[in-house]
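Peer 1: Give me a model of this one.
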Amino acid sequence: MRRRSPAILITAVLFTVAACGPPNPAGTERPGTATPASDSASSSKYGFAPAPQEDGKLVVWVDSTRLDAAKAYQAAHPGAQLDIVTYDGNANGSNSLKTKVQLFNRAGEGWPDVVFTTDNNTASWASQGSGAFVAPLDKGLIDRNTLSGFAKGALDVCTVDGTVYCLRNDLAQVVLWYNKKLLDEFGYEVPATWEEYQALGERVAAEHPGYLVGTAGDAWAPEIYMWGAQCPANQVTAAKAITVKATDPACVRAAKLIDKLVANKTMSLLPLFGPDFAKNQGDKVLMLPGPAWYGGAVFQGALKTPKGTLAVGDALHWADQSPPVTGNVGGGAWWVSRHSARLEAARDFVTWVTTADAYQVDKSPGYPAYSPAAAKWIAKQQDSGYYAGDIAAPITAAADQVWPGWGSPEFSQEAVWAKTVIPAQTAGKTVESLLPEWQTAIEQQAQVLGYQVAG
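Peer 2: So this is what the prediction gives:
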């Protein structure tokens, strides 16, 4: 007999990232590997040829932050059989998921049923070829009513050739976080444009040296400043095609803004979550452009910003942008394996963790991608009494302003920036001077992975 209330099995997994070849050499098939173009796909209610279905534990991979999502699902479904495995979530371009999937493809077994990633790049590699890993969701696996409930553009980052491959967990739209108490004390107005922001940074440098208006020491800096400037350095035009124009005027003006504020020391080059930032500069933050999750993770968590101090302004935009746009930093996604032998259970799990109030409203640290949950989540944050003034309006507005021109290729732009720009910037070089090197690094990484590169 099947047990009715099994305990959750949580398995800690240490991933070893090894150099691996392509997941499927030309002309070969691997045992247990479903082929997207299989003849049986047309007769399947899922839109692809599924593995034989059977009972058993649903294997779910999550990062440590999303462990609460799996636990919440188990609590709401005490009869569900789950094997919950923690891993790094593919964070910071680690490629740990891709490496493991390549190994599983070779072995013909071992794939998890459901995976969470902190990035949205998985569809670019895991939906392609006879070694494809992720299942299409909009061909019958997830119903249309559920899919239509996600925010405008939320699923675009994991849509390839018109097919949706993920359910977004949360959005990470960039807004302007600021210390209202300090801003009022200094007599400054909240900037609305990047031009006003830079001008205010220059005033702060002269009038209140030591205070900060931003940071540029993390790998996601381009997702705040370059993405928000509509810099065309990362435009994915097809499954294996990308346009890279990192020296475009839009990129140059964002680079000059960073360089100006780094030079006058109102923009820090320390990593936000490093040991030195909170200790040495945490109490000097006047404002930070950053994603919706900064409120909890950075200000409440890392910086311990006092209650009633933190406020949110509208997403900054360049004065000539019409309509205004903003960037996005993260916002994870849930994926279902096309190899799963428990597709119905996988569907129920990913649908619940992305839409149910019991996780998305009550426990999720980020702004939900599912619109009904997002409205309740932001109201809960507002009602907490932690923030100074209205945070709901600017964060909600920014959710619809994320520029769609920044793509999600097979490789991590954060990893490219971290390797190419940050060390040189720390050594004293300007971002503007590094744009050609950034361009070359993106092009080379894309070409290694078989992309057709246009510039």
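Peer 1: wait, isn't residue 287 in contact with residue 211?
Peer 2: No. Assessed by C-beta atoms under 8 Å, residue 287 is found out of contact with residue 211, at 9.2 Å. From N, CA and C alone the C-beta is placed, and that goes for glycine too.
Peer 1: Among these two, which residue is more densely surrounded?
Peer 2: Between residue 287 and residue 211, counted using other C-beta atoms under 10 Å, residue 287 has the larger neighbour count: 27 against 20.
Peer 1: partner residues bridging the more buried one?
Peer 2: Following DSSP bridges, residue 287 is listed with bridge partners residue 178.
Peer 1: Give me the neighbour count for residue 50.
Peer 2: Considering only other C-beta under 10 Å, residue 50 is surrounded by 20 other residues.
Peer 1: Please apply the same query to residue 375.
Peer 2: With other C-beta under 10 Å as criterion, residue 375 counts 14.
Peer 1: for residue 323, same thing?
Peer 2: 8.
Peer 1: now do residue 288
Peer 2: 23.
Peer 1: Now do it, the pLDDT please.
Peer 2: Model confidence at residue 288, expressed as pLDDT, equals 98.
Peer 1: quick one: residue 308 and residue 386 touch, right?
Peer 2: Yes. Using C-beta under 8 Å, residue 308 is in contact with residue 386, at 7.5 Å.
Peer 1: And the helices in the stretch 1-150 of the chain, which stretches?
Peer 2: Residue ranges of the helices in the stretch 1-150 of the chain, as given by DSSP state H, counting those that start in this stretch, are 67-76, 96-107, 122-126, 144-148.
Peer 1: hang on, the earlier thing: more crowded one of residue 308 and residue 386?
Peer 2: Using other C-beta under 10 Å as the criterion, residue 308 and residue 386 rank with residue 386 on top: 18 against 13.
Peer 1: so where's this protein uncertain?
Peer 2: Along the chain, segments meeting pLDDT under 70 span 1-42, 92.
Peer 1: tell me the domain ranges of it?
Peer 2: The chain breaks down into these domains under automatic domain parsing: 9-170+330-379, 174-328+389-454.
Peer 1: Now the terminal residues of the last one, how far apart.
Peer 2: By that I understand domain 174-328+389-454. 28 Å (C-alpha to C-alpha, to the nearest Å).
Peer 1: ditto for stretch 137-144
Peer 2: Stretch 137-144: ends 10 Å apart by C-alpha to C-alpha.
Peer 1: Check which residues of it are buried.
Peer 2: Residues of stretch 137-144 classed as buried by neighbour count (16 or more other C-beta atoms under 10 Å): 137-138, 141-142.
Peer 1: hmm, who's touching the longest helix belonging to the chain?
Peer 2: The helix that spans the most residues within the chain, counting by DSSP state H, is helix 431-448. The list of residues contacting helix 431-448 from outside it, by C-beta atoms under 8 Å, 6 or more residues apart in numbering, reads 216, 233-234, 242, 244-247, 251-252, 255-256, 258-259, 409, 411, 413, 416-417, 419-421, 424-425, 453, 455.
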